[in-house]
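# just coords:
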């Protein structure tokens, strides 16, 4: 009966949280390769995309063009549970062999492989990672676009943790992760925005944007419905793409709310006419990744970027509590 009550209480809240307008689907392309059956991680680099299959597959990547056709990839033999892929410059990626559903792996691995328009066997650079306090299940690896700091987000029911690897990864010894901040639960993938000052984590139905390195929540965006959404990528131009498991599935382009896009992808500064007098204003140099957007910007994006209405969550949550209360009273009378 206790299990029944717990289930009754949880389900209405879940229904309320997911009852929004999630049918907007902007299809960028579909995977045409029958071997891409469990896309679990996504990278967008130049005019190419990179994905990996979930657990059960051999160690390999799929390099895909904008038509969805596989045009290259890397293979390296056995893998334990590949769950993620993250960009490492324009011509390499880090593959995250980091899945651990049963919590039995003393350490997990990152593998650095090339991104090429050919398929060949490679001997990847391997980096071993270890969590503090024991094993964790994870499906998201992020790489800062400038410093190349590696982050890993754990996948946990009641909320995950974002971990940082050492600034310089070592292939000769274990790289010990350190916790940075709590994040949403059930994280299935993540990526940095090009400015290096924001990152996004996704679960099965939403994407949450955080500032970096403050790791304050900036905005939440509902994602279109997918069978098992486990991939998210941010292109150099700030475009967000999401993928899902399944054969011949679609990669969707996500249109960010304007207020949020203005924060995470600031408009390019207009080109000024050259003059002989040096300008006193800052140049168009890349922003310092250690800085974060102002609190005013964060609050503006937070209040305007969510696509999900609040009333369904409140309504179904209240109904759930009412049902639980009725059941409890009935049991007491017996």
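Okay, I see it. Here the structure is a predicted model, which is why all the values come from computation and not from measurement.
# CA atoms for contacts and neighbours, from now on please.
Fine.
# where does residue 75 fall, phi/psi-wise?
phi -130, psi 150 (degrees, to the nearest 10).
# report how many residues lie close to residue 152.
27 (other CA atoms under 10 Å).
# I figured it was touching residue 162, is that so?
Yes. Between residue 152 and residue 162 there is a contact under CA atoms under 8 Å: 5.8 Å.
# from residue 73, how far off is residue 132?
Residue 132 sits 33 Å away from residue 73, going by CA to CA, to the nearest Å.
# with neighbour numbers in mind, choose between those two.
residue 73 (23 against 11).
# what is the mean pLDDT for stretch 94-105?
The average pLDDT within stretch 94-105 is 96.
# typo on my end, it should be stretch 34-41
96.
# same question for stretch 192-209.
pLDDT averaged over stretch 192-209 gives 97.
# could you do stretch 240-255 as well?
Per-residue scores along stretch 240-255 average to 97.
# now for the chain, the helix or strand with the poorest mean pLDDT.
helix 2-18 (a mean of 35; mean pLDDT, DSSP states H and E).
# who does the next helix or strand after that helix pair up with?
Remark: after helix 2-18, the chain's next helix or strand is strand 27-30, criterion DSSP states H and E. The pairing partners recorded for strand 27-30 under DSSP bridges are strand 250-254 (antiparallel).
# can you tell me the centre-most residue of the protein?
In the chain, the centroid-proximal residue (CA atoms, centre = their mean) is residue 190; its distance is 1.7 Å.
# was I right about it contacting residue 143?
No. Between residue 190 and residue 143 there is no contact under CA under 8 Å: 9.5 Å.
# all helices for the stretch 151-300 of the chain, in order.
258-264, 295-304 (DSSP state H, counting those that start in this stretch).
# out of those, which gets the lowest mean score?
helix 295-304 (a mean of 42).
# one step back: find the nearest non-adjacent residue to the residue nearest to the centre of the chain, please.
Among residues not flanking residue 190 along the chain, residue 201 sits closest, at 4.2 Å (CA to CA, 6 or more residues apart in numbering).
# residues near that neighbour, how many?
Residues near residue 201, counting by other CA under 10 Å: 27.
# also residue 91?
12.
# so residue 88 makes contact with residue 149?
No. Under the criterion of CA under 8 Å, residue 88 is not in contact with residue 149, lying 10.2 Å apart.
# of those two, who's got more company?
residue 88 (23 against 15).
# and that one, what is it in contact with?
With contact set as CA atoms under 8 Å, 6 or more residues apart in numbering, residue 88 has these partners: 94, 112, 143, 145, 148.
# I'd say the fourth one and residue 191 touch.
Read that as residue 145. No. Using CA under 8 Å, residue 145 makes no contact with residue 191, being 9.6 Å away.
# who has more neighbours, those two?
Between residue 145 and residue 191, counted using other CA under 10 Å, the more crowded position is residue 191 (31 against 20).
# for that one, which residues are in contact?
Contacts of residue 191 by CA under 8 Å, 6+ apart are 86, 141, 142, 143, 199, 200, 201, 232, 233, 234.
# and those residues as JSON lines, adding distance to residue 44?
Converted to JSON lines, those look like this (distance: CA to CA, whole Å):
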{"residue": "86", "distance to residue 44": "9"}
{"residue": "141", "distance to residue 44": "14"}
{"residue": "142", "distance to residue 44": "13"}
{"residue": "143", "distance to residue 44": "13"}
{"residue": "199", "distance to residue 44": "15"}
{"residue": "200", "distance to residue 44": "14"}
{"residue": "201", "distance to residue 44": "16"}
{"residue": "232", "distance to residue 44": "9"}
{"residue": "233", "distance to residue 44": "6"}
{"residue": "234", "distance to residue 44": "6"}
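# of those, closest to residue 104?
Distance to residue 104, by CA to CA, is smallest for residue 141 among the contacts of residue 191, at 19.3 Å.
# so what's the closest one closest to, chain neighbours aside?
Spatial nearest neighbour of residue 141, excluding adjacent residues (CA to CA, 6+ apart): residue 152 at 4.7 Å.
# where's that neighbour relative to residue 98, distance?
For residue 152, the distance to residue 98 - CA to CA - is 9 Å.
# mutual contacts of these two, please.
residue 138.
# could you say which of the contacts of residue 191 is surrounded by the most neighbours?
Highest neighbour count within the contacts of residue 191, by other CA under 10 Å: residue 232, with 32 neighbours.
# that residue against residue 241, yeah?
Yes. Between residue 232 and residue 241 a contact is recorded at 5.6 Å, counting by CA under 8 Å.
# and residue 55, what's its pLDDT?
80.
# so it sits right up against residue 96, yeah?
No. If you go by CA under 8 Å, residue 55 and residue 96 don't touch, sitting 11.2 Å apart.
# please say which of these two ends up with more neighbours.
residue 96 (26 against 18).
# that one: which element?
Per DSSP H and E: strand 92-97 holds residue 96.
# before we move on, back to that, ok, so of the contacts of residue 88, who is nearest residue 119?
For the contacts of residue 88, the residue nearest residue 119 by CA to CA is residue 112; the value is 15.3 Å.
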